[in-house]
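> Sequence first, predicted coordinates after that:
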Amino acid sequence: MPNTHPLKDQIALLIGEALETVAPGAPVSLDIERPKNPAHGDFSSNAAMQLARPLKKNPRELAQRILTELPASPLIARTEIAGAGFINFHLTPAAWHGVVPQIRAAGGAYGRGNAGAGHKVLVEFVSANPTGPLHVGHGRQAALGDAICNLYAAQGWEVCREFYYNDAGVQIATLAASVQARAKGLQPGDADWPEAAYNGDYIADIAADFLAGKSVRSDDRAFTASGDADDLDSIRQFAVAYLRHEQDLDLQAFAVRFDHYYLESSLYTSGRVEATVQKLVDAGKTYAQDGALWLRTTDYGDDKDRVMKKSDGTYTYFVPDVAYHIAKWERGYERAINIQGSDHHGTIARVRAGLQAAGVGIAEGYPDYLLHTMVRVMRGGEEVKISKRAGSYVTLRDLVEWTSKDAVRFFLLSRKPDTEYIFDVDLALAKNNDNPVYYVQYAHARICRVFEEWGGLPATLDGADLAALTAAHELALLRRLTEYPETVAAAARELAPHLLVHYLQTLAGDFHAWYNAEKFLVDHEATKRARLALADAARIAIVNGLALLGVSAPEKM
RNA sequence: CUGCCCGUAGCUCAACUGGAUAGAGCACCAGCCUUCUAAGCUGGGGGUUACAGGUUCGAUUCCUGUCGGGCAGGCCA
């Protein structure tokens, strides 16, 4: 099943048939639109306007000819030509009623499609080095990454959630030195405290556990401390495992799981970094200058050429990055999506240039990047800047504990990734309609409550006569429900979960307005059953949509 | 100085990737508040889509320039 509008497609088919007579072979994109103005009907087509130029005919005249050739359909109540040559379609109530059984039959599959069947996508996100707790920016990435994975899976893609990190670089050396200093009884501010060090309280916790000889286990590694404060290698390994475990707890609180962890260091030990450099050299895209090896990234649109191999013999950070993405490609991921903070946008041109220069057949524009801006946290009207845990920033776990997983996810997904977001803790805790998560979840809980009050089995509503659904609120809700599948498809295609968030808010708004206007459990049996069937369809769309966002749908609130 | 992103109601944000009269929510104003779940409900005012050009039947959307904001510009990641 294509993941598209249940009724639009049928209208498009009718127009397509008419066009075979009116303008055979003419190139027309049959995108059917939903007019904003209800007076313009349920759907409209601009096919006549598109054809006006190539056929050199008056668009309104063409529209008339299309209408003459349009096959009869029980869906259509009437048609009209309007404006410059729009063809407007007014559908019968029965056409709209037909979507209710469709949605109820599809159930959890409503909004899913198979456009991505047989394709593999790798989504890399969070990818925090194990040097401290995850901050709210990581939270935005985790929410975005997980939602995008859900959206792709809903389109039939085989999805891999990957976390990439480095356990051997300069930052990790700093971490080990910081823990060692704490293990030797030093504190930030002491004369011997290392200049470049992590000062958060959590460093002291790691040192204490290290000295106690404890064991730690994370999703991807395990280690037992030697307890010897002079054993820097043991400290390093223990600290990495400890912080990876801490991050696992942060992610668990946020209900995010990864399928795979990938180590930057493995790119060196496997020889992939060397092999990548060799490919670039062989391709003639490098040159030596000032004792360093440079890559001609300017051949691929970068501002200036970049150093690959420093004069001290080590590689700059983007070389393993290129090697990593060649590995992604070779692992069969035809699509790779990287979710990163917008402060990393400089790496995009470099990595893509390296991949093209390597000449291994990777598509131009690989990988995709989704960049997001910073998140600030407001509480009690003031910006929160300090967390006890991290020392200098608010952590993801703080935010989840202050509010809830559902609120944090929903809020962080509610805006376009490239706009700065201010998280309002008080709003997230509010139990009223000002709080968007509450508003959407409450719509679901209300439906569940109505069914509980009714006491019947939803399955007995199958085949219900829906002719009683004539109120404006009911038709508006029906219309909204049909938009769900294409909203999901658009959110996936455009890496834009906020489209789904906005949709759910609007859908909940339509439902609440209806609920406030009409009583469902009325004495008239046919009306009651029709309303319950529609409410059940709304429930399905809300549950499915929230699930894609990683937000729960409580039955009681 | 250069590159990327952004600029829409007083505020926070949408706008089906080029469609018809640019939409919601806060806030503001006016009524209502006996209900399957209650922390409210219904309606209303509010706009030169930063600015100036261009492309065409048609532009918030695409192109050019200007102004303003964010982020980058290291043999750091």
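Yep, it's here. Numbering: from 1, shown residues only, chains lettered A, B, ... in the order given.
> only C-alpha atoms for contact and neighbour calcs from this point on.
Noted.
> which stretches of the stretch 1-150 of chain A have low pLDDT?
A:1-3, A:26-29 (pLDDT under 70).
> rerun that using 90 as the cut-off
A:1-63, A:80-86, A:113-115 (pLDDT under 90).
> Does residue A:163 touch residue A:256 like I think?
No: Residue A:163 is beyond contact range of residue A:256, at 11.3 Å (criterion: Cα atoms under 8 Å).
> where along the stretch 401-550 of chain A do the helices fall?
If DSSP state H, counting those that start in this stretch is used as the criterion, the helices of the stretch 401-550 of chain A fall at A:405-412, A:425-429, A:436-454, A:472-482, A:484-493, A:497-517, A:525-549.
> now those in JSON lines, with mean neighbour count and distance to residue A:108?
As requested, the helices of the stretch 401-550 of chain A are exported to JSON lines (neighbours: other Cα atoms under 10 Å; distance: least, Cα to Cα, whole Å):
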{"stretch": "helix A:405-412", "mean neighbour count": "23", "distance to residue A:108": "20"}
{"stretch": "helix A:425-429", "mean neighbour count": "18", "distance to residue A:108": "28"}
{"stretch": "helix A:436-454", "mean neighbour count": "20", "distance to residue A:108": "15"}
{"stretch": "helix A:472-482", "mean neighbour count": "20", "distance to residue A:108": "14"}
{"stretch": "helix A:484-493", "mean neighbour count": "21", "distance to residue A:108": "12"}
{"stretch": "helix A:497-517", "mean neighbour count": "20", "distance to residue A:108": "16"}
{"stretch": "helix A:525-549", "mean neighbour count": "22", "distance to residue A:108": "6"}
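> What are the buried residues along the strand or helix carrying residue A:248?
For residue A:248, the host element (DSSP states H and E) is helix A:232-253. Neighbour counts over helix A:232-253 (16 or more other Cα atoms under 10 Å) mark A:232, A:234-251 as buried.
> now it against helix A:405-412, angle please.
Orientation check (axes from the mean of the first three to the mean of the last three Cα atoms, to 10 degrees): helix A:232-253 against helix A:405-412 gives 90 degrees.
> could I get helix A:232-253 in CSV with only the CA atoms?
Only the C-alpha atoms of helix A:232-253 are listed here, as CSV (Å, rounded to 0.1, in the frame of the first residue of the first chain):
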residue,chain,number,x,y,z
LEU,A,232,46.3,5.6,34.0
ASP,A,233,45.3,3.0,31.4
SER,A,234,43.0,1.3,33.9
ILE,A,235,41.6,4.6,34.9
ARG,A,236,40.9,5.5,31.3
GLN,A,237,39.1,2.3,30.5
PHE,A,238,37.1,2.4,33.7
ALA,A,239,36.1,6.0,33.2
VAL,A,240,35.0,5.3,29.6
ALA,A,241,32.9,2.3,30.6
TYR,A,242,31.5,4.2,33.6
LEU,A,243,30.4,7.2,31.5
ARG,A,244,29.1,5.0,28.7
HIS,A,245,26.9,3.3,31.4
GLU,A,246,25.8,6.7,32.7
GLN,A,247,24.8,7.7,29.1
ASP,A,248,22.9,4.4,28.8
LEU,A,249,20.9,5.4,31.9
ASP,A,250,20.2,8.8,30.4
LEU,A,251,19.0,7.1,27.2
GLN,A,252,17.0,4.5,29.0
ALA,A,253,15.2,7.3,30.9
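> what does that helix contact?
Helix A:232-253 is contacted from outside by A:130-134, A:142, A:167, A:172-173, A:175-177, A:179-180, A:206, A:210, A:216-219, A:221-226, A:229, A:257, A:396-397, A:400, A:405, using Cα atoms under 8 Å, 6 or more residues apart in numbering.
> do that again at 6 Å, thanks
A:130, A:133, A:176, A:216, A:218, A:223, A:225, A:397 (Cα atoms under 6 Å, 6 or more residues apart in numbering).
> Now the two most distant members of the residues you listed.
Distances among the contacts of helix A:232-253 were taken as Cα to Cα; the most separated pair is A:225 and A:397, at 25.7 Å.
> between the two, which one's more packed in?
It is residue A:397, of residue A:225 and residue A:397, that has more neighbours when counted by other Cα atoms under 10 Å, with 25 against 22.
> ok, and the more buried one, which helix or strand is that part of?
Assigned by DSSP H and E, residue A:397 falls in helix A:396-402.
> quick one: the helix or strand of chain A with the lowest mean pLDDT near RNA strand B?
The weakest-scoring helix or strand in chain A, judged by mean pLDDT, DSSP states H and E, is helix A:47-55 (a mean of 80). Yes: counting by Cα under 7 Å from any atom of the strand, RNA strand B is contacted by helix A:47-55 at A:49-50, A:53.
> swap in stretch A:10-20?
No: Stretch A:10-20 is not in contact with RNA strand B by Cα under 7 Å from any atom of the strand; minimum separation 13.4 Å.
> What are the buried residues along that stretch?
A:11-12, A:14-16, A:18-19.
> Need the contact partners of it.
Residues contacting stretch A:10-20 (Cα under 6 Å, 6+ apart): A:66, A:69-70.
> Relative to RNA strand B, how far out is the spatially closest residue to residue A:153 that is not a sequence neighbour?
Excluding its sequence neighbours, the residue lying closest to residue A:153 (Cα to Cα, 6 or more residues apart in numbering) is residue A:159, at 6.2 Å. Between residue A:159 and RNA strand B the computed distance is 21 Å (Cα to the nearest atom of the strand, to the nearest Å).
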